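**Q** sequence first, then the predicted structure:
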Amino acid sequence: MIDTSPVKWHLAHTSWFFETFVLAAHSPNYRPFQPEFRTLFNSYYNTVGPQPLRTERGLLTRPALADVQAYRRRVDAQMLSLLETAQELAAALLDVIELGIHHEQQHQELILTDVKHLFSRNPLRPSYRPSAPSPAENSKPLTWHAHAEGLQRVGHTGADFAFDNEKPNHRVFLHAFELTSRLVTNEEYLAFMDDQGYQRPELWLSDGWNAVQRYGWRAPLYWEQDAGCWQLFTLSGPRTWRGSEPVCHVSYYEADAFARWARARLPREAEWELAAQQQTVRGNFCEAGFLHPVPVSSESNGGPAQLFGDVWEWTQSPYLPYPGYAPPAGALGEYNGKFMCNQIVLRGGSCATPASHIRATYRNFFFPEARWQFSGIRLARDL
């Protein structure tokens, strides 16, 4: 699948980042582990040089895993040596090192989502690892949390780390709105399917309806029927479908169609952020061991539950620069800025996201057809 990459490539690319943007930048006499790696493991940095087509990464059977591991050990050792002199390093270089650490966290999550898709295509139905037992919770009633209209501030502020696309902090005017108390569940999404949701063009955006016809969508990704009963393919292999779990692996188009069917809409990203500012960042992240969304347990501080973790929540906001945004100078300006077109913002992190990686201002983004990420639905509506 063209959106995924082999695990070997993820492992090498994250070390390539440190070698290219830190080690080689710091020392003009730096000798690379293997000069060809500069091209082989470049993702999309055109100012660094050429790179293999993303669609052909799966054809890169060499270097062998042992060679990639040796590459990582070499880069790690040199990075540790460099960090011992941190007091002598320029602040700008330390900022790049911090960016590289967060970049590696992103690829840790991508490894999980890419492996899940790879295993789902294997007739042996392999398991990545056993999952922790999921809590046995029943679905809680869906309620709404209201927010008054007014001028609000969104975007990152402060000295702690944030990606450039989270800045600058700025003012937005929000009309009165409300968000649901939890995520949409499998059971609720099945009601949409049973009401011919995938057969009713009036519920779909034009591009979404075209995608339904082109790909033959009739259910979320990884939903499978066995003897008339729904099952899910998970990182722990196939297992029984549970109605109280948050629905996931839906595209923006599916999320939007469900919202229309439910007589609601998807949140705008500023609405989501305003609600999240009032909550502690906690939830079902990668470290919990479930590697799958779990049923809601309780609301947070009287506000909406499940804002963080479980599933990335589609918003209705296009991925665009904030007012006053300017990408960093040089090759690292390609990290986020050049993708601000034709993609949709998601918020909150997922069950595959490292817990320390997420904050209320974090902006993820994918094309509206994407389904292989742990992406799900929260509803909003105008007051």
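**A** In hand now; what should we look at?
**Q** what separates stretch 239-249 from the chain centre, distance-wise?
**A** The chain centre lies 19 Å from the centre of stretch 239-249; the measure is C-alpha atoms, centre = their mean, to the nearest Å.
**Q** and that stretch, how far apart are its ends?
**A** Start-to-end span of stretch 239-249 (C-alpha to C-alpha, to the nearest Å) is 16 Å.
**Q** do the same with stretch 82-93
**A** Start-to-end span of stretch 82-93 (C-alpha to C-alpha) is 11 Å.
**Q** flag every buried residue along it.
**A** Neighbour counts over stretch 82-93 (16 or more other C-beta atoms under 10 Å) mark Leu82 as buried. Where C-beta positions appear, they are placed from N, C-alpha and C, glycine not excepted.
**Q** and what of stretch 371-381?
**A** Buried residues in stretch 371-381, defined by neighbour count with 16+ other C-beta under 10 Å: Arg371, Trp372, Gln373, Phe374, Ser375, Gly376, Ile377, Arg378, Leu379, Ala380.
**Q** could you do stretch 145-155 as well?
**A** For stretch 145-155, burial by neighbour count (16+ other C-beta under 10 Å) applies to His145, His147, Gln152, Val154, Gly155.
**Q** which of those sits closest to Ile97?
**A** Taking C-beta to C-beta as the measure, Ile97 sits nearest to Gly155 out of the buried residues of stretch 145-155, at 23.8 Å.
**Q** for Leu93, see how far away Met330 is.
**A** Let me fix one detail, which is that residue 330 is Gly and not Met. For Gly330, the distance to Leu93 equals 12 Å [C-beta to C-beta, to the nearest Å].
**Q** same deal with Tyr45?
**A** Look at Tyr45 and Leu93: by C-beta to C-beta, they are 17 Å apart.
**Q** ok, Ile377 next?
**A** Relative to Leu93, Ile377 is positioned 41 Å away (C-beta to C-beta).
**Q** what of Gly349?
**A** Gly349 is 28 Å from Leu93, where distance means C-beta to C-beta.
**Q** and for Thr353?
**A** The gap separating Thr353 from Leu93 is 27 Å, by C-beta to C-beta.
**Q** and if you look at Phe177?
**A** Per C-beta to C-beta, Phe177 is found 43 Å from Leu93.
**Q** what about the longest helix in the protein?
**A** Secondary structure of the chain per DSSP state H: the longest helix is helix 91-120.
**Q** so which bits of it are buried?
**A** Along helix 91-120, these residues count as buried under the neighbour rule (16+ other C-beta under 10 Å): 96-97, 99-100, 103-107, 109-120.
**Q** that one packs against which elements?
**A** Judged by 3 or more C-beta pairs under 8 Å, 6 or more residues apart in numbering; DSSP states H and E, helix 91-120 is in contact with helix 7-18, helix 24-26, strand 229-234.
**Q** can you give the distance of that helix from its chain's centre?
**A** Put simply, helix 91-120 sits 11 Å off its chain's centre (C-alpha atoms, centre = their mean).
**Q** next structured bit after that helix?
**A** strand 144-147 (DSSP states H and E).
**Q** give the contact list for the closest residue to Asp195 other than its chain neighbours.
**A** If you skip the residues right next to it in sequence, Asp195 has Trp261 as its closest partner in space, 6.9 Å away by C-beta to C-beta, 6 or more residues apart in numbering. By C-beta atoms under 8 Å, 6 or more residues apart in numbering, the contact set of Trp261 is Phe192, Asp195, Gly197, Arg200, Leu203.
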